[in-house]
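Enquirer: sequence plus predicted model, see below.
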Amino acid sequence: MKFLRLILLSLSTSVLAYTSLSDDFLKLVPSGGDDFDIHNGKLLAPILIPRVSGTAGSLKVQEHFVNFFQKELPKWTIEWHNSTSKTPATGDRDVPFANLIFKREPPWVKQGQSNLLTLVAHYDSKYTPDGFVGATDSAVPCAILMHTARSLDKYLTQMHDEMDALGEGGTVEMDMGVQILLLDGEEAFVSWTDVDSLYGARALAQAWEDTLHPSLSTYRNPLSQITAFVLLDLLGAANPKIPSFFQTTHWAYKNMATIEDRMRKLGLLEATPNSPFLPESSKEPHQFGRGHVEDDHIPFMRRGVPILHLIPTPFPRVWHTMDDDGDHLDLPTVRDWAKIITAFAFEWLDMMEVAPQSQ
């Protein structure tokens with residue numbers, strides 16, 4: 001079996017080989033359906049609770065994530081990254097922050113050998129107002145990433161089995177994996193500053209910078225393994241408009257926009273937005289400025305990690321209000337995002353190599 005090689009994305013290189021999914025394969029990408037029901041949905045409903053860092057709600061949602069991967073995706077590894085920090089709202093009391101890392105790598109790789117598509121969302125909710133749920137911010141993105149992991153799993157198993165049988169592993173291009181980061185402490189406790197925000201992301205980025213792999217590893221540290229840091233935030237409201245923020249990852253933005261366009265033309269998406277979710281695929285190099293939205297990617301971007309930030313601007317009307325709950329979600333839009341993100345991950349990981357035989 002011939003595998004097309006995906007050349008690693010970095011700040012100074014471009015991807016020279018990237019296999020688009022066929023129309024038939026796009027039609028097989030699941031939407032999640034009832035799993036995104038706000039009352040009983042297996043993926044989303046358990047996250048639609050207040051989950052401030054260090055509270056019982058946070059622990060309950062962590063348990064939901066871990067149980068899902070342990071029971072349904074046992075080939076994924078689970079890693080915790082824990083830290084503590086004082087906050088302006090809690091004075092001298094240290095607040096615990098717990099990042100969760102779920103990873104699926106080829107079974108033959110050693111530490112520091114695989115290059116990793118990295119899909120990210122934060123799971124904490126705001127400290128105030130009391131009872132804030134944060135459905136778009138960011139329960140829906142977390143549920144979408146759970147759906148993406150589940151959708152990828154059987155194809156990753158097939159790909160790894162076939163590569164292992166043919167002895168095709170062990171090269172930089174072939175040793176692709178995926179990791180999902182569910183980060184804690186994104187929200188400010190009082191007001192957004194460099195020290196009152198991004199608690200989990202700052203701690204993890206620093207820890208990964210300081211963690212050196214064995215000397216003969218392909219990658220120096222966990223940060224250098226990240227081929228793209230795809231961050232989802234504020235998704236789930238109708239009519240989102242996601243800009244392309246960074247020229248270095250505009251090629252990836254364009255690929256995702258193409259997936260959206262193809263899915264719409266094939267009648268695979270439900271929502272009828274006023275414009276595409278990803279409207280800036282034709283953006284020219286001179287149109288990129290320094291503007292971006294501060295979010296969990298910042299500590300990683302400052303360390304040279306390539307970022308694809310999926311956040312609508314303007315923000316949803318419900319942003320940081322009590323209306324950011326399940327009742328104010330647009331569920332067709334939620335299910336469409338689940339399909340688009342999943343199809344993007346399929347393409348990035350070269351899943352056309354294991355496309356069903358009927359194609």
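Expert: Good, I have the coordinates.

Enquirer: for the protein, what spans make up the helices?
Expert: Secondary structure of the chain, counting by DSSP state H: helices at 23-28, 56-72, 140-166, 199-210, 250-265, 298-301, 331-348.

Enquirer: any idea which of those helices is most buried?
Expert: Of all the helices of the chain, helix 331-348 has the most neighbours on average by mean count of other Cβ atoms under 10 Å, namely a mean of 24. (Each C-beta comes from the backbone N, C-alpha and C, glycine too.)

Enquirer: what is that one packed up against?
Expert: Taking 3 or more Cβ pairs under 8 Å, 6 or more residues apart in numbering; DSSP states H and E as contact, the helices and strands that helix 331-348 lies on are strand 115-122, helix 140-166, strand 226-232, helix 250-265.

Enquirer: please report how far residue 43 lies from residue 195.
Expert: 33 Å (Cβ to Cβ, to the nearest Å).

Enquirer: quick check, distance from stretch 248-268 to the centre of its chain.
Expert: 16 Å (Cα atoms, centre = their mean, to the nearest Å).

Enquirer: tell me the mean pLDDT for that stretch?
Expert: If you average the pLDDT over stretch 248-268, you get 98.

Enquirer: now swap in stretch 333-352 and tell me
Expert: Rounded mean pLDDT across stretch 333-352 is 97.

Enquirer: shaky segments in this protein?
Expert: Where the chain drops to pLDDT under 70, the residues are 1-17, 357-359.

Enquirer: in it, which residue is most central in space?
Expert: The centre of the chain sits closest to residue 119, judged by Cα atoms, centre = their mean, with a distance of 2.5 Å.

Enquirer: correct me, but that one touches residue 145?
Expert: Yes: between residue 119 and residue 145 a contact is recorded at 5.2 Å, counting by Cβ atoms under 8 Å.

Enquirer: tell me, what's touching these two both at once?
Expert: Contact criterion Cβ atoms under 8 Å, 6 or more residues apart in numbering; residues shared by residue 119 and residue 145: 180, 232, 341.

Enquirer: ok, the residues you listed vs residue 165, which is closest?
Expert: residue 180 (27.1 Å; Cβ to Cβ).

Enquirer: who's in contact with the residue lying closest to the closest one once chain neighbours are set aside?
Expert: Nearest residue to residue 180, sequence neighbours excluded (Cβ to Cβ, 6 or more residues apart in numbering): residue 102, at 4.5 Å. Residue 102 makes contacts with 65, 69, 73, 76-79, 149, 179-180, 182, as judged by Cβ under 8 Å, 6+ apart.

Enquirer: run the last query once more with 10 Å
Expert: 65-66, 68-69, 73, 76-79, 119, 145-146, 149, 178-182 (Cβ atoms under 10 Å, 6 or more residues apart in numbering).

Enquirer: just put the shared contacts of residue 119 and residue 145 in a markdown table and tack on distance to residue 138.
Expert: Formatted as a markdown table, these follow (distance: Cβ to Cβ, whole Å):
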| residue | distance to residue 138 |
| --- | --- |
| 180 | 13 |
| 232 | 7 |
| 341 | 13 |
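
Enquirer: closest to residue 258 out of those residues?
Expert: Distances from residue 258 to the shared contacts of residue 119 and residue 145, taken by Cβ to Cβ, are shortest for residue 341, at 13.9 Å.

Enquirer: the closest one touches residue 142, doesn't it?
Expert: No: contact criterion Cβ atoms under 10 Å: residue 341 and residue 142 do not qualify, at 11.9 Å.

Enquirer: between those two, which contacts overlap?
Expert: Contacts common to residue 341 and residue 142, judged by Cβ under 10 Å, 6+ apart, are residue 232.

Enquirer: related to what we said a few turns ago, select, out of the helices of the chain, the one closest to residue 38.
Expert: The nearest among the helices of the chain, by Cβ to Cβ, is helix 331-348 at 7.6 Å.

Enquirer: run the chain-centre distance for that closest one.
Expert: Offset of helix 331-348 from its chain centre (Cα atoms, centre = their mean): 11 Å.

Enquirer: as CSV, could you dump the C-alpha coordinates of that helix?
Expert: Extracted in CSV, the C-alpha atoms of helix 331-348 (Å, rounded to 0.1, in the frame of the first residue of the first chain):
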residue,chain,number,x,y,z
LEU,A,331,-27.7,22.4,17.2
PRO,A,332,-27.5,22.1,13.4
THR,A,333,-24.4,24.4,13.6
VAL,A,334,-23.0,22.2,16.3
ARG,A,335,-23.4,19.0,14.3
ASP,A,336,-22.0,20.7,11.2
TRP,A,337,-18.8,21.7,13.1
ALA,A,338,-18.5,18.1,14.3
LYS,A,339,-18.5,17.0,10.7
ILE,A,340,-16.1,19.7,9.4
ILE,A,341,-13.5,19.2,12.2
THR,A,342,-13.7,15.4,11.9
ALA,A,343,-13.2,15.5,8.1
PHE,A,344,-10.3,17.9,8.5
ALA,A,345,-8.6,15.5,10.9
PHE,A,346,-9.3,12.6,8.5
GLU,A,347,-7.5,14.5,5.7
TRP,A,348,-4.6,15.6,7.9
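
Enquirer: report the angle between it and strand 226-232.
Expert: If you take axes from the mean of the first three to the mean of the last three Cα atoms, to 10 degrees, helix 331-348 sits at 180 degrees to strand 226-232.
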